[in-house]
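A.B. asks: Here's a sequence, model it:
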Amino acid sequence: MTTRILFMLALLAAVPGWSQTTGGGNGSTPGTDEQPDQPLANDGMLTPPPVSGQAYPILTGAEERMNYLNLGVTANVAYDDNVEGGYTGVSRGDTIYSIWPAISLNRSSARLREVINYSPGFTIYQPSTVFNAADQSATVNLQYLMGTHTNLVVQDNFDRSSSLFSQPFSSTQGTVSGGVPTQTSGAVAPFADRILNTADLQLTNQAGDNGKFGLSATYSNLDYPDPKQVTGLYNATTWEGGAFVTQRISRRQYLGANAQHARIVSYLSGGTDNVMQRDNIFGFYTIYLRNVQQSTLSFSITAGPEHYSIAQYPQAVLTKWVPSGTASLGWQGHLSSASASISRAITGGGGLPGAYEEDGAQAVYRRQLRPTWDVNVSASYSLNKSVTPEYEFSVPGGHTIGAGASANHMISRNLKISFGYNWMDQSYKSVVSLNPIPISNREYFAVTYEINRPLGR
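C.D. replies: As a prediction, the model looks like this:
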């Protein structure tokens, strides 16, 4: 049902066009991120990153736009030196050709903001034509101001991919969240059919001048249509609900608490299910070191006790209390943006059976060098250690390390070229589809043509 709803929404619009727009003069010093003192970007209460449900922004302040319709198409050619390593144990390189039409709608009014994106992808491999595929991606983000201090946010992300690099530039423009992760972030089969659908709902209300509370719910479903492509990985479903309260203790500082319950089911072989339940009560602190027009900088820290229970028939149920938490930093300047986080948490799903103690770190940096040039750099690290080694389907764990860099150049108003490099190392000895040759290198070149149309002007 969710897939059909997303498909109908996708017909209305969708994936962001990767265009660049030069920033207007806002009193900034040319070529710098410095901004003059202005009123706060939001004089009302903010929802701190640990509980906002939103990733830190990637675009710089000069690139952000509202009220536009974008149509575009991207043609991409890439070379990957390890397409078949996870299946044959032989390192073999492929040239990969892909084309990505895209449509994006970004519309904002006094009460409602809509961001709707859709992009199908068609990919051809040479010589490994068995990996040829048609992919698609759709995202919907609706933010509705129900009352003066009541806000409703609805998000849905659908991705049908045949590759870890299924979207142009995706691995060099990864997102960083300020919250504690629920699902395992590592162990993704580089070249396998995968369907991932995640829906989020959040309701927040400001109570008084300095208090805010909110409720949230998340549903996520991971499906590998062809189990033969992902031996050792499994489908999974996640349900999560939470509530938070936060208090503004000064103009730029927030204290709060967040309670969450999550249930993650991994569907193993022979009809066996691995069920993990996670409950936590976290305290968090956020300080906005800078919060003016086109320039924000915040630091957040979250920590607290976490209780988990894992059941896998016929094994005994395991339960334990552990400490978990995360620290994150987000900066969006006029010409630069950066975000980073480190975390420790008990996670599950994500394709891996059982439950894992995950230590993770990720960082993204973007810089607009000139009005027609920008560069992007990203890195991620995930180390997973099983807390259920005695379970039959348990995987001891492993690590995923990734890095990427890209550069984009606007040749004209409608034409852009991009080139970049991605590197990935996944080491999970008990996962057959990841074990033989875990390292992959990829270089790519892309050309994007797009048309932008302002709305309401």
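A.B. asks: Could you pick out the longest strand of this structure?
C.D. replies: Using DSSP state E, we find that the single longest strand of the chain is strand 273-292.
A.B. asks: Now K320: closest residue in space, sequence neighbours ignored.
C.D. replies: Closest residue to K320 apart from its sequence neighbours, by C-beta to C-beta, 6 or more residues apart in numbering: Y308 at 6.2 Å. (Glycine included, C-beta is placed from N, CA and C.)
A.B. asks: Kindly report the same for N132.
C.D. replies: I124 is the one closest to N132 (C-beta to C-beta, 6+ apart), at 5.3 Å.
A.B. asks: Give the partner strands of the helix or strand where that neighbour lies in its sheet and their orientations.
C.D. replies: Using DSSP states H and E, I124 falls within strand 112-126. Strand 112-126 has the following strand partners under DSSP bridges: strand 94-108 (antiparallel), strand 133-145 (antiparallel).
A.B. asks: Relative to R65, how far out is the residue nearest to N132?
C.D. replies: 33 Å (C-beta to C-beta, to the nearest Å).
A.B. asks: Who is the residue nearest to A363 when sequence neighbours are not counted paired with across the strands?
C.D. replies: Leaving aside its sequence neighbours, A363 sits nearest to A340 (C-beta to C-beta, 6+ apart; 4.0 Å). Note on A340: beta-bridge partners L329, A363, judged by DSSP bridges.
A.B. asks: What does the pLDDT read for A340?
C.D. replies: Note on A340: pLDDT of 95.
A.B. asks: what's the closest of the strands paired with strand 112-126 to L455?
C.D. replies: strand 94-108 (5.7 Å; C-beta to C-beta).
A.B. asks: The closest one: which residues count as buried?
C.D. replies: 94, 96, 98, 100, 102-108 (16 or more other C-beta atoms under 10 Å).
A.B. asks: got it, and stretch 349-363?
C.D. replies: 349-358, 360-363.
A.B. asks: which SS class is E240?
C.D. replies: When classified by DSSP: H, G, I helix; E, B strand; the rest coil, E240 comes out as strand.
A.B. asks: May I have the predicted confidence score for it?
C.D. replies: E240 is assigned a predicted lDDT (pLDDT) of 95.
A.B. asks: Surely it and H261 touch.
C.D. replies: Yes. Look at E240 against H261 with C-beta atoms under 8 Å: they come within range, at 7.1 Å.
A.B. asks: who's more crowded, those two?
C.D. replies: E240 (18 against 14; other C-beta atoms under 10 Å).
A.B. asks: In contact with that one, which residues?
C.D. replies: E240 makes contact with 182, 216-220, 260-263, according to C-beta atoms under 8 Å, 6 or more residues apart in numbering.
A.B. asks: what does V431 give?
C.D. replies: The contact partners of V431, by C-beta under 8 Å, 6+ apart, come to 187, 231-233, 352, 395, 398.
A.B. asks: do V83 as well
C.D. replies: V83 neighbours (C-beta under 8 Å, 6+ apart): 92-94, 96, 125, 128, 131, 190-191.
A.B. asks: now with 10 Å?
C.D. replies: 91-96, 125, 127-128, 130-131, 163, 190-191, 440, 442 (C-beta atoms under 10 Å, 6 or more residues apart in numbering).
A.B. asks: Show me which pair in these is furthest apart.
C.D. replies: V130 and R442 (18.4 Å).
A.B. asks: which of these two has more neighbours?
C.D. replies: In this comparison of V130 against R442, neighbours counted by other C-beta under 10 Å, the higher total goes to R442 at 24 against 12.
A.B. asks: Surely the more buried one touches Y79?
C.D. replies: Yes. The criterion here is C-beta atoms under 10 Å, and R442 meets it with Y79 at 6.9 Å.
A.B. asks: Identify the bridge partners of I301.
C.D. replies: Applying DSSP bridges to I301, the residues it is bridged with are Y285, A327.
A.B. asks: Distance check, it against D193.
C.D. replies: 39 Å.
A.B. asks: Leaving out sequence neighbours, find the closest residue to G44.
C.D. replies: In this structure, G44 finds its nearest non-sequential neighbour in Q206, 6.9 Å apart by C-beta to C-beta, 6+ apart.
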